[in-house]
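**Student:** Quick one: sequence and predicted model below, then my questions.
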Amino acid sequence: MLRLDPDNRARALLAAVVVGQLLLVSAQVGTHAGPSVLRTAVASTVTGLQEASWFLVGGLRGIFGGYVSLRGVRADNARLMQENRELKAQLQEARASAAGAESMRALLEMRPHLPWRTVGATVIAGSVSPDFRGVTIDRGPADGIRTDMPIVVPAGAVGRVVQATGGAATVQFVTDRSAAAAVRTERSLAEGIALGNGDGTLRFEYLSATADVQTDDLVVTSGLDGVYPVGLAVGRIVGIERAGTSFARVTIKPAVDFSRLDTVLVIVAPAPAQPPAPPAGVAR
Amino acid sequence: MKTLQIALLVIGSVLLQSLLTLLFGGAVFDLVLVAAVIVGLLYGRVAGLLAGAAGGMLQDALSGGILGLSGLGKSLVGYLAGLAGTQFIVTQAMPRGLVFLGATFLNAACFMGLSVLLGLRQYDGPFFEVAVQGFVNAGAGVLLFYALEQAPTLRARWNESLEFRRKRRR
């Protein structure tokens, strides 16, 4: 039997891991198969841990807040401070509920006006890699969530579901480097593709050289990609660079503030025959 | 015990990365890369290789990306960090910081190279972005490394102080 010294064994393992991963990568490129068993198992397990850790952090923040507010308390005014602490806690609770209710109310106000069937979801985890712009939501296949379903908030399009396993789903933002959406300007109906730049902005590509685009034009989804429905606000044009007669770079600032996402709506079913009028955030 | 510590470090880095990203609305650092380098430096190249592969796989699985894309660079980084730990003296903050910085550039080259090769992403002058990530990773890595090294000493001191209090009460 072949015996390897530790140096060669380590090199052989390195070669095996590198080749194994290259084979794994090449096996997935170009296939549109559903999530693999490995992916499903890993995602289901770690998503549970992520949800638990987010819950734990929420609790710790509450405890820390309580500790900070109680520092320096003297024994003789303990009763007053106790009352004060309780009131502060109530105030914090009320503020947190008000903030949550505000975002929830915005979604609820938006929901009856939407021409699509939607499911509300809460964000439970952020991105696990700086190369990926997205979040994890607490709704999964059991709630009817499938891959490629669009995610919206009152301000506009957030992104799409790229993976749904167990009781959670991974959402890719429209600003992610590998994200793309068919779009058009609301004013002139100039069509193209919005691609994520990975730095929080998007770029408007495949624009016709004769297209009429101006700074501050609202860019909305055109529905041509079969993922996003027509009319979701994507963002506004903030920069136009020309190279001769064609466009060199058209930059879009997203309509959604991705750093403040806590609740979102997942569009689970397409528009009925005659949709009602949309709200202000959703231009149609 | 060693395997458990490595597993905890890798899973902990994944959870911390997602938590901090959610708390701050984005992140420029890669704690999984930091964990792979630390494992490589502390436990050797094979452990670094496996930690990098596992951490990268977790990142890919949780972000819905292609499995192995993040793992490839991190495996190499973990292995080379382990090798650097045996070939060079990396006990001071500066050399350690340089290892983290180099690891970030190598990982970015692997990830971006593969992504561009497969037509998954486009990059428009990513040097500045990678450099920023490298410096943040270096800072986080040096601090985390210091904390991990000091943990046994702090635990011993804590135990000593507990023992001292117990004796005083008696």
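**Tutor:** Received the coordinates, thanks.
**Student:** How about the contacts made by residue 129?
**Tutor:** As the question left the chain open, I've gone with chain A. Contacts for A:Ser129 were tallied using C-beta atoms under 8 Å, 6 or more residues apart in numbering or on different chains; they are B:Gln17, B:Asp30, B:Val32, B:Gln59, B:Ser63, B:Gly65, B:Ser70. Quick note: C-beta positions are derived from backbone N, CA and C, even for glycine.
**Student:** not what I meant, chain B
**Tutor:** Contact criterion C-beta under 8 Å, 6+ apart gives A:Gly198, A:Asp199, B:Val28 as the residues in contact with B:Glu129.
**Student:** Is it correct that it falls within a helix?
**Tutor:** Yes. Secondary structure assignment places B:Glu129 in a helix (DSSP: H, G, I helix; E, B strand; the rest coil).
**Student:** Which members of the contacts of B:Glu129 are classed as buried?
**Tutor:** A:Gly198 (16 or more other C-beta atoms under 10 Å in any protein chain shown).
**Student:** Out of the contacts of B:Glu129, flag the one nearest to A:Ser222.
**Tutor:** For A:Ser222, the nearest member of the contacts of B:Glu129 is A:Gly198. The distance, counting by C-beta to C-beta, is 22.6 Å.
**Student:** excluding its backbone neighbours, what's nearest that closest one?
**Tutor:** Spatial nearest neighbour of A:Gly198, chain neighbours left out: A:Arg177 (3.7 Å); criterion: C-beta to C-beta, 6 or more residues apart in numbering or on different chains.
**Student:** Distance check, that neighbour against B:Glu129.
**Tutor:** Between A:Arg177 and B:Glu129 the distance is 11 Å, computed by C-beta to C-beta, to the nearest Å.
**Student:** shared neighbours of those two, anything?
**Tutor:** Taking C-beta under 8 Å, 6+ apart as the contact definition, A:Arg177 and B:Glu129 share the neighbouring residues A:Gly198.
**Student:** circling back to that earlier point, how about TSV for the contacts of B:Glu129, with distance to A:Lys253 and pLDDT added?
**Tutor:** Below are these laid out as TSV (distance: C-beta to C-beta, whole Å; pLDDT from 0 to 100):
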residue	distance to A:Lys253	pLDDT
A:Gly198	15	84
A:Asp199	11	85
B:Val28	20	85
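**Student:** Kindly reformat the contacts of B:Glu129 as TSV and extend each row with secondary structure and distance to B:Arg170.
**Tutor:** Formatted as TSV, the entries for the contacts of B:Glu129 read as follows, by DSSP: H, G, I helix; E, B strand; the rest coil; distance: C-beta to C-beta, whole Å:
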residue	secondary structure	distance to B:Arg170
A:Gly198	coil	63
A:Asp199	coil	63
B:Val28	coil	53
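**Student:** Specify which member of the contacts of B:Glu129 is nearest to B:Phe105.
**Tutor:** For those, the nearest to B:Phe105 is B:Val28 (14.4 Å; C-beta to C-beta).
**Student:** how near is the residue of chain B found nearest chain A to A:Glu186?
**Tutor:** For chain B, the residue closest to chain A is B:Gly25, as judged by C-beta to the nearest C-beta, at 2.5 Å. When C-beta to C-beta is applied, the distance between B:Gly25 and A:Glu186 equals 27 Å.
**Student:** If you count surrounding residues, which of these two has more?
**Tutor:** Between B:Gly25 and A:Glu186, counted using other C-beta atoms under 10 Å in any protein chain shown, A:Glu186 has the larger neighbour count: 16 against 13.
**Student:** I'd guessed the more buried one sits against A:Val219; true?
**Tutor:** Yes. Under the criterion of C-beta atoms under 8 Å, A:Glu186 is in contact with A:Val219, at a separation of 7.3 Å.
**Student:** can you give me the helices for the stretch 1-150 of chain A?
**Tutor:** Under the criterion DSSP state H, counting those that start in this stretch, the stretch 1-150 of chain A carries helices at the ranges A:6-28, A:37-70, A:78-110.
**Student:** Out of the contacts of A:Ser129, which are close to chain A?
**Tutor:** The subset of these within reach of chain A, by C-beta under 8 Å from any C-beta of the partner chain, is B:Gln17, B:Asp30, B:Val32, B:Gln59, B:Ser63, B:Gly65, B:Ser70.
**Student:** which residues touch the closest residue to chain B within the stretch 51-200 of chain A?
**Tutor:** Checking the stretch 51-200 of chain A residue by residue against chain B with C-beta to the nearest C-beta singles out A:Gly126 as nearest, at 3.0 Å. With C-beta under 8 Å, 6+ apart as the criterion, the residues that contact A:Gly126 are A:Val135, A:Thr136, B:Gln17, B:Ser18, B:Leu19, B:Leu20, B:Thr21, B:Leu22, B:Leu23, B:Ala27.
**Student:** Over to A:Ser178?
**Tutor:** Contacts were defined as C-beta under 8 Å, 6+ apart; by that measure A:Ser178 touches A:Gln172, A:Gly196, B:Gly65, B:Ser115, B:Leu120, B:Arg121.
**Student:** give me phi/psi at it?
**Tutor:** According to degrees, to the nearest 10, the main-chain angles of A:Ser178 amount to phi -100, psi 10.
**Student:** residues touching the closest residue to chain B within chain A, list them.
**Tutor:** Here the residue of chain A nearest chain B is A:Ser259; by C-beta to the nearest C-beta that distance is 2.5 Å. Residues counted as contacts of A:Ser259 (C-beta under 8 Å, 6+ apart) are B:Phe24, B:Gly25, B:Gly26.
**Student:** can you confirm it is in a helix?
**Tutor:** Yes. In this structure, A:Ser259 lies within a helix as judged by three-state DSSP.
**Student:** For A:Phe173, see how far away it is.
**Tutor:** Spatial separation of A:Ser259 from A:Phe173 under the definition C-beta to C-beta is 11 Å.
**Student:** How about B:Arg166?
**Tutor:** For B:Arg166, the distance to A:Phe173 under the criterion C-beta to C-beta works out to 54 Å.
**Student:** quick one: least confident helix or strand in chain A?
**Tutor:** The least trusted helix or strand in chain A, going by mean pLDDT, DSSP states H and E, turns out to be helix A:78-110, with a mean of 68.
**Student:** With adjacent residues omitted, what lies nearest to the residue at minimal distance from the centre of chain B?
**Tutor:** With the centre of chain B defined as its mean C-alpha position, the nearest residue by C-alpha atoms, centre = their mean is B:Val34, 1.6 Å away. Of all residues beyond its chain neighbours, the one nearest B:Val34 is B:Gly141 (4.4 Å), with distances taken as C-beta to C-beta, 6+ apart.
**Student:** What about that neighbour? Give its phi and psi, please.
**Tutor:** B:Gly141 has phi and psi values of phi -60, psi -40 when expressed as degrees, to the nearest 10.
**Student:** quick one on the thing from earlier: would you quantify the distance from the residue of the stretch 51-200 of chain A closest to chain B to B:Phe128?
**Tutor:** Taking C-beta to C-beta as the measure, A:Gly126 and B:Phe128 are separated by 23 Å.
**Student:** one step back: the residue nearest to B:Val34: neighbour count?
**Tutor:** Number of residues near B:Gly141 (other C-beta under 10 Å) recorded here: 28.
**Student:** Sounds good, over and out.
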